[in-house]
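*Asks:* sequence first, predicted model second:
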Amino acid sequence: QHYYITNNLRMESVRAVFRGDDDESLLDGVDNYCNLSWENRLYAFGACFVIGIFLSVFGSIEVWLGKYTAFALLYSLGTLVALAGTCFLRGPVSQIKKMFDKDRLIASCVLIASIILTIVCGCVLKIGILAIMCCIVQFMAFTWYTLSYIPYARNAVKSCFSGCTGMECPC
């Protein structure tokens, strides 16, 4: 019974794409096909987040050993795994759409660019100091992106910055 309903929903999604219906596309249905419970989604998110942190920390250790290629790859992979974990909470399509909302657009673009530049600087150019600088930007962009999901968190950080420095936050 469940198999028939699921396949029927998939076929309807495909039909909608070919009909040109804008209100539902094949990708919109992807988020609905996940059969994980909310508890399992939280576990999967937590596991991805912990693995991502572990990879990033392990990559940071590689810097002290002078292995900038390993550093760039591991740190960036850690960021990507932690970011992919959020797909368990909302669904992959919904998460990607939310990434590029107007409130997160700049942080998302800076994050993606810094991940790419970290890998290019560490693996292709093999310039360690540039890879480290890109990694710092990557960390700050990921933090700013993450704060966008917590109500008033960005405002609190801006207020804290202003209170500590006496300057207005440029973000």
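*Replies:* Thanks, I have the structure now.
*Asks:* so where do the helices sit in the chain?
*Replies:* 2-19, 38-64, 68-85, 87-90, 92-99, 105-119, 128-147, 153-165 (DSSP state H).
*Asks:* for the third one, what does the pLDDT average out to?
*Replies:* Taken as a whole, helix 68-85 has an average pLDDT of 96.
*Asks:* give the buried residues for it.
*Replies:* 68, 70-85 (16 or more other CB atoms under 10 Å). For glycine as for every other residue, the C-beta is placed from the backbone atoms N, C-alpha and C.
*Asks:* returning to what we had before: most packed of the helices of the chain?
*Replies:* helix 68-85 (a mean of 21; mean count of other CB atoms under 10 Å).
*Asks:* and the contacts of that one?
*Replies:* 44-49, 51-60, 62-63, 111, 115, 118-119, 121-123, 126-128, 131-132, 135, 138, 142 (CB atoms under 8 Å, 6 or more residues apart in numbering).
*Asks:* and it with helix 38-64, angle?
*Replies:* 170 degrees (axes from the mean of the first three to the mean of the last three CA atoms, to 10 degrees).
*Asks:* rank the helices of the chain by pLDDT, which is bottom?
*Replies:* helix 2-19 - the lowest mean pLDDT of the helices of the chain, at a mean of 52.
*Asks:* center of this protein - which residue?
*Replies:* By CA atoms, centre = their mean, the chain has its centre lying nearest to Leu83, at 2.9 Å.
*Asks:* quick check: the gap between it and Thr146.
*Replies:* For Leu83, the distance to Thr146 equals 9 Å [CB to CB, to the nearest Å].
*Asks:* likewise Leu111?
*Replies:* In this view, Leu111 and Thr146 are 10 Å apart by CB to CB.
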